[in-house]
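**Q** Based on what follows, work out the 3D shape:
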Amino acid sequence: MKKIFIILGNGFTIDFMNNIRKDDVVNVRNLFSNGEKVPWPGNNNSGFLSYKYCPNLWNLGARHNSEQHETIQLIEDIITCANILQSNNRSEENIYISAYKELATYLYSLFVYYDKLVDVPNLNIGDWGWNDYFKKLNDSEDIGEVNIVTYNYDIWLERILQKLNIEFDIVGFENTDKKFKIYKPHGSISFVHKVKKVIDDYRIDYDSDSNDGNISEFEIKYN
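**A** Numbering: from 1, shown residues only. Got it, this is the predicted structure:
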C-alpha cells in the first residue's frame, strides 16, 4: 500500500480563494490588509489592528493599508527578532517580544473572521483540481495513508474534506486508523483551550511565555 505525503502552505489557501472568487474579500497575501475590520473578541467591535489593541505592532508600522511587501517584511522582522531574543534571556518588555504576542493573537482572530466569510458547505468546488485530487486519493485502494502537513492557521482544508465526506484525523488530538492524517505544526484556529474565560476579560497575555501550553490542554472545535 502506498503512502502519500503532502505539504501545504499559504499557496493552497490563495488558490482556494481564487477558485471561489473570494480573494478580494479574504486577502491572505497581505495579512494586515483587513486588520481594521477584524473584531476585538472582548467586545466584538472592529479594529483589532489598531494602537488601542496592538500598540507594539502599531508602533512598528503595522497598518491595514500597508503594501504587501511591507507587511511581509515586518512580520519576518518580528518573528526573527522574537526567536533570537527568546533564546537569549530576553526581556518581556522588548517591543518585538510584545509585538510577536500581539501578532500571534491577531492572526488567530483574523482567520476566525475570515472563516465566517466563506460558507464551504454551500460552495461549488467541483471544478477545482484539489477537489478531484483529494477524492481520487480517498477512493484509491492502492493508497493506504495520506499524510498532509499544513502550515496554515485556517481550517479550510478541514472544511473541504468534510464537504467531500472524507474522514481525517488531526494528529496529536485524534489518533485513529483514518486514511487522511493532518499535521498542523504552526497551530490552528481550531485548537481551543479547554479553560473557558469570561469574554469581557479577553486580553493579549504579555506575561506568559509564547511557547506555554501542552496539546492535552486543548481540544478541536470548528465553530
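**Q** shaky segments in this protein?
**A** In the predicted model, the chain carries pLDDT under 70 at residues 86-92, 208-212.
**Q** Next, name the residue at the spatial heart of it.
**A** Against the mean C-alpha coordinate of the chain, by C-alpha atoms, centre = their mean, the closest residue is Tyr153 at 1.4 Å.
**Q** That one belongs to a helix, doesn't it?
**A** No: Tyr153 is assigned coil when assessed by DSSP: H, G, I helix; E, B strand; the rest coil, not a helix.
**Q** which ones are touching the residue lying closest to it once chain neighbours are set aside?
**A** Excluding its sequence neighbours, the residue lying closest to Tyr153 (C-beta to C-beta, 6 or more residues apart in numbering) is Phe111, at 4.7 Å. C-betas here are computed from N, CA, C, even on glycine. Contact partners of Phe111, counting by C-beta atoms under 8 Å, 6 or more residues apart in numbering, are 153-155, 189.
**Q** And those, which two are furthest apart?
**A** Spatially, the most separated pair among the contacts of Phe111 is Tyr153 and Ile155, at 8.3 Å (C-beta to C-beta).
**Q** which neighbours do these two share?
**A** Residues touching both Tyr153 and Ile155 by C-beta under 8 Å, 6+ apart: 111, 188-189.
**Q** Can you show me the helices along this protein?
**A** Ranges of helices within the chain are 10-19, 55-59, 68-86, 95-115, 129-139, 156-163, based on DSSP state H.
**Q** In JSON lines, list those helices along with distance to Val38.
**A** Listed next are the helices of the chain as JSON lines, based on distance: least, C-beta to C-beta, whole Å:
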{"stretch": "helix 10-19", "distance to Val38": "17"}
{"stretch": "helix 55-59", "distance to Val38": "12"}
{"stretch": "helix 68-86", "distance to Val38": "14"}
{"stretch": "helix 95-115", "distance to Val38": "5"}
{"stretch": "helix 129-139", "distance to Val38": "27"}
{"stretch": "helix 156-163", "distance to Val38": "17"}
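**Q** for the ones you listed, which one sits closest to Pro41?
**A** Across these, the minimum distance to Pro41, taken as C-beta to C-beta, is reached by helix 95-115, at 6.2 Å.
**Q** roughly how far is that closest one from the heart of the chain?
**A** When distances are taken as C-alpha atoms, centre = their mean, to the nearest Å, helix 95-115 is centred 10 Å away from the chain's centroid.
**Q** May I have the phi/psi pair for the residue nearest to the centre of the chain?
**A** Phi and psi for Tyr153, reported as degrees, to the nearest 10, are phi -70, psi -30.
**Q** give the contact list for it.
**A** 107-108, 111, 186-189.
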